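Undergrad: Predicted coordinates and the sequence they were generated for:
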Amino acid sequence: MGDIVSEVASALYRSGCLKFGSFRIKSGALSPYYIDLACLLSSPKELCKIAEIAACEIKNLMAVERIDKLASIELKGVLILPSIGCEVNLPCVVVRKEEKAYGVTGRIAGAEVAKGEHILFFDDVVSEGLSKLEGIRSLEQLGADVAHIMVVVDREQGGRENLERLGYKVHALAKISELVDRLLQSKLISKEQAHAVLDYIRRFKEEDTQSV
C-alpha cells in the first residue's frame, strides 16, 4: 500500500465525503469543512479503498494485540464497518444510540458481546472525543475490553489527547491538516480553502491552550 494519507485524501475528496464551506458541527461551532462518510455509499470504489486501508491498519495491530471483534455506534462508522469486518474476518457489533423497545431489545445489535472480549471501536472522525465514550461504555458495561479506537480522520481538536488521557489508544488513518496538505499539493482545492481549514485548527488550538 502506498501513501496512506494521499489515498485517504483522494477517496474522501472524490466521493464527496470531504466538503468545504461553512458547516455547523455537533458542538454548535461553525467549521470551514465537514466530513460525511455516508457519501461513500454512492462511491463503491472509494468505500472499498477506505475499508481496505482501515483493515490493513487493523491487521497490523492484530499482529501484536488481541482483537476479537469490531464495534461502532450508529450511524456513520457503522456504514463501512461490515466492509472492514469482511477484510479482517472479525464479527461486528453495532451500538444503538438509544435502546430498542421492541423485538430484540437493548442497545447492541449484530454480534453479541461477551465478558473479556477485546473490541476495537471504529468511527468516522474524532473531534473532542468525549462522544465516543457513549458507545464505548455500553460495551464496557457488558464486560468488553476496549483498548483501541480507530477513526478515519482526526479533526485535531483535542479528541485524541482527551481519549488517550483516559487510557485509550487512538489510531487515525489521517489528520485533517494532512488531508488538506495533500489535496492542495494535488491542486484539488484552492489555497483559500486550505488556509481556512488550517486557520480553524490553529485558532482552536490557541483557544484550547488559553483555557488551560
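TA: Perfect, thanks for sending it. All values reported here derive from a predicted model rather than from experimental measurement. Residues are numbered from 1 along each chain as shown.
Undergrad: phi, psi of the spatially closest residue to Ser83 that is not a sequence neighbour?
TA: Spatial nearest neighbour of Ser83, chain neighbours left out: Ala51 (3.7 Å); criterion: Cβ to Cβ, 6 or more residues apart in numbering. (C-beta placed from N, C-alpha, C; glycine too.) With angles defined as degrees, to the nearest 10, Ala51 sits at phi -60, psi -40.
Undergrad: wait, Ala51 sits on Ile80?
TA: Yes - with contacts counted by Cβ atoms under 8 Å, Ala51 reaches Ile80, the gap being 5.4 Å.
Undergrad: Quick one: low-confidence residue ranges for this protein.
TA: For the chain, applying pLDDT under 70 flags the ranges 1-2, 100-105, 208-212.
Undergrad: ok, 90 please
TA: Residues of the chain meeting the criterion pLDDT under 90: 1-2, 24-29, 74-76, 96-111, 128-131, 134, 203-212.
Undergrad: Helices along that one, start to end?
TA: 4-14, 44-62, 76-88, 132-140, 159-165, 176-185, 191-211 (DSSP state H).
Undergrad: which residues does Lys76 contact?
TA: Asp36, Leu37, Ala38, Asp123, Asp124 (Cβ atoms under 8 Å, 6 or more residues apart in numbering).
Undergrad: Please tabulate these in JSON lines and include distance to Lys19 and neighbour count as additional columns.
TA: Output for the contacts of Lys76, formatted as JSON lines (distance: Cβ to Cβ, whole Å; neighbours: other Cβ atoms under 10 Å):
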{"residue": "Asp36", "distance to Lys19": "7", "neighbour count": "16"}
{"residue": "Leu37", "distance to Lys19": "12", "neighbour count": "23"}
{"residue": "Ala38", "distance to Lys19": "12", "neighbour count": "14"}
{"residue": "Asp123", "distance to Lys19": "18", "neighbour count": "22"}
{"residue": "Asp124", "distance to Lys19": "13", "neighbour count": "21"}
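Undergrad: Nearest to Glu134 among those residues?
TA: Relative to Glu134, the closest of the contacts of Lys76 is Asp123; by Cβ to Cβ it sits at 10.7 Å.
Undergrad: Nice, that's everything, thank you.
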